[in-house]
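> this one's sequence-less:
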């Protein structure tokens with residue numbers, strides 16, 4: 001069989017497996033991973049398939065492409081969709097997936113350099129494939145199972161002090177790297193490392209601290225930190241795929257892994273919020289989820305408004321916002337709406353002057369600079 005035909009069959013098999021994975025996630029109702037017999041059946045099926053499947057068939061199924069599609073590409077799409085929705089449950093599910101996925105990424109960095117035998121390579125890729133799928137297969141829900149039994153009750157409280165300490169260290173390192181002499185000194189030793197060590201450092205920078213921060217985020221009730229780190233993992237997953245794709249040809253070029261590390265730091269640190277920018281400008285349009293993201297932003301704005309304003313004042317603002325979105329003429333211009341908002345607030349204050357027992361702690365009028373766009 002020619003090399004072209006072999007590659008064509010391999011690609012078709014990989015996308016066929018991806019189709020099965022996507023259809024199972026869409027049409028099978030999740031059970032939270034609480035039915036242990038499904039785990040036993042899944043593990044038994046995985047072991048039998050990996051061990052007894054003929055090698056000439058496994059060579060087409062258990063490939064780097066299949067693992068990439070099932071363990072990275074599809075989870076990137078699902079994580080992007082989860083980050084675009086206001087529902088918190090899917091954020092924690094996919095954030096937990098990427099925490100465990102980060103560990104698997106670290107492991108693959110070392111194992112890929114060690115395994116040389118084709119049979120062992122097939123067993124390794126098969127193990128990775130079934131491990132990734134176990135994390136989000138609706139009948140096993142491995143991610144939520146780990147979250148409910150390990151991350152939330154055990155790891156979250158233990159890792160919170162570590163995460164704060166690591167944040168302080170990272171900020172101190174970043175401030176020291178601003179000095180060009182320090183940066184050049186570290187870069188000089190970094191470029192002397194073997195290629196495998198450079199890759200390991202690059203992956204460690206992108207996974208260790210985010211994993212610790214994600215563990216502490218999932219242990220809290222605040223959804224914002226969950227969304228922040230889920231957004232990071234979705235974008236970092238793309239960066240990891242690009243690194244994995246181009247390092248065969250560009251890994252020997254000086255500065256390749258330095259660029260990867262610099263991009264990772266830009267995506268990770270809150271001072272840059274690079275992941276959110278790439279997420280909104282690249283991933284969301286590619287996934288066709290702009291409307292869903294806008295809806296999530298609108299819900300968050302309403303929640304923040306109800307939190308910051310008393311009910312009567314929030315009602316006035318909500319009417320102005322609704323009028324702005326519903327109208328398309330002069331009545332919906334920001335200037336007209338700003339004027340109407342101030343008039344409505346003045347009328348509200350006038351009515352309150354006759355009801356002294358219902359005073360509000362929010363007595364400041366809307367500022368003149370208020371803008372609804």
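Cool, got the structure. These numbers come from a predicted model, not from an experiment. Numbering: from 1, shown residues only.
> quick check: residue 299 touching residue 87?
No - under the contact definition of CB atoms under 8 Å, residue 299 does not touch residue 87, with a separation of 10.0 Å. For the C-beta atoms, the positions are set from N, CA and C on the backbone; glycine is no exception.
> all helices of the stretch 151-300 of the chain, in order?
Secondary structure of the stretch 151-300 of the chain by DSSP state H, counting those that start in this stretch: the helices cover 156-177, 180-191, 195-218, 223-250, 256-268, 274-278, 284-287, 290-308.
> and of these, who's closest to residue 319?
Counting by CB to CB, residue 319 lies closest to helix 290-308 out of the helices of the stretch 151-300 of the chain; the figure is 11.9 Å.
> what average pLDDT does the closest one get?
For helix 290-308, mean pLDDT rounds to 85.
> for it, packing partners?
helix 311-326 (3 or more CB pairs under 8 Å, 6 or more residues apart in numbering; DSSP states H and E).
> quick one, the helix it packs on and helix 290-308 angle?
In terms of direction (axes from the mean of the first three to the mean of the last three CA atoms, to 10 degrees), helix 311-326 departs from helix 290-308 by 160 degrees.
> pLDDT weak spots in this structure?
Scanning the chain for pLDDT under 70 picks out 1-2, 112-113, 168-190, 327-373.
> identify the residue nearest the geometric centre of it.
The central residue of the chain, meaning the one whose C-alpha is nearest the mean C-alpha position (CA atoms, centre = their mean), is residue 230 at 2.5 Å.
> how many neighbouring residues does residue 240 have?
The number of residues packed around residue 240, counting by other CB atoms under 10 Å, is 23.
> sorry, that was for residue 208
The local packing of residue 208 (other CB under 10 Å) involves 14 other residues.
> in terms of contact, does the residue nearest to the centre of the chain touch residue 82 like I think?
Yes - checked against CB under 8 Å, the pair residue 230 and residue 82 is within contact range at 6.4 Å.
> what is in contact with these two at once?
91, 94 (CB atoms under 8 Å, 6 or more residues apart in numbering).
> distance of residue 268 relative to residue 130?
Separation of residue 268 from residue 130 (CB to CB, to the nearest Å): 30 Å.
> neighbour-wise, which of the two wins?
For the pair residue 268 and residue 130, the greater number of neighbours falls to residue 268 (22 against 19), based on other CB under 10 Å.
> next one: the more buried one from residue 46, what distance?
Computed as CB to CB, the residue 268 to residue 46 distance reads 33 Å.
> then residue 61?
When CB to CB is the yardstick, residue 61 and residue 46 sit 12 Å from each other.
> please report phi then psi for residue 34.
Note on residue 34: its backbone torsions stand at phi -90, psi -10 [degrees, to the nearest 10].
> following element in sequence after the strand or helix carrying residue 48, please.
Here residue 48, judged by DSSP states H and E, is contained in helix 36-52. Along the chain past helix 36-52, the next helix or strand (assigned with DSSP H and E) turns out to be helix 55-61.
> in that following helix, which residues are buried?
Of the residues in helix 55-61, those buried by neighbour count under the rule 16 or more other CB atoms under 10 Å are 58-61.
> do the same with stretch 28-37
Of the residues in stretch 28-37, those buried by neighbour count under the rule 16+ other CB under 10 Å are residue 33.
> now do it: everything it contacts.
Among residues not part of stretch 28-37, those counted as contacts by CB under 8 Å, 6+ apart are 38-39, 138-142, 144-145, 148.
> backbone torsions only: list them for residue 269.
Dihedral angles phi and psi of residue 269 (degrees, to the nearest 10) take the values phi -70, psi 140.
> what count of nearby residues applies to it?
In terms of burial, residue 269 registers 17 neighbours under the definition other CB under 10 Å.
> could you do the one 10 residues further on as well?
The burial count assigned to residue 279 is 25, neighbours taken as other CB under 10 Å.
> how near is the closest residue to residue 193 other than its chain neighbours to residue 107?
Once flanking residues are discounted, residue 193 sits nearest to residue 201: 7.2 Å by CB to CB, 6 or more residues apart in numbering. With distances defined as CB to CB, the gap from residue 201 to residue 107 amounts to 15 Å.
> who's in contact with residue 263?
The contact partners of residue 263, taken as CB under 8 Å, 6+ apart, are 239, 274.
> against residue 272, how distant is it?
Here the criterion is CB to CB. By it, residue 263 lies 11 Å from residue 272.
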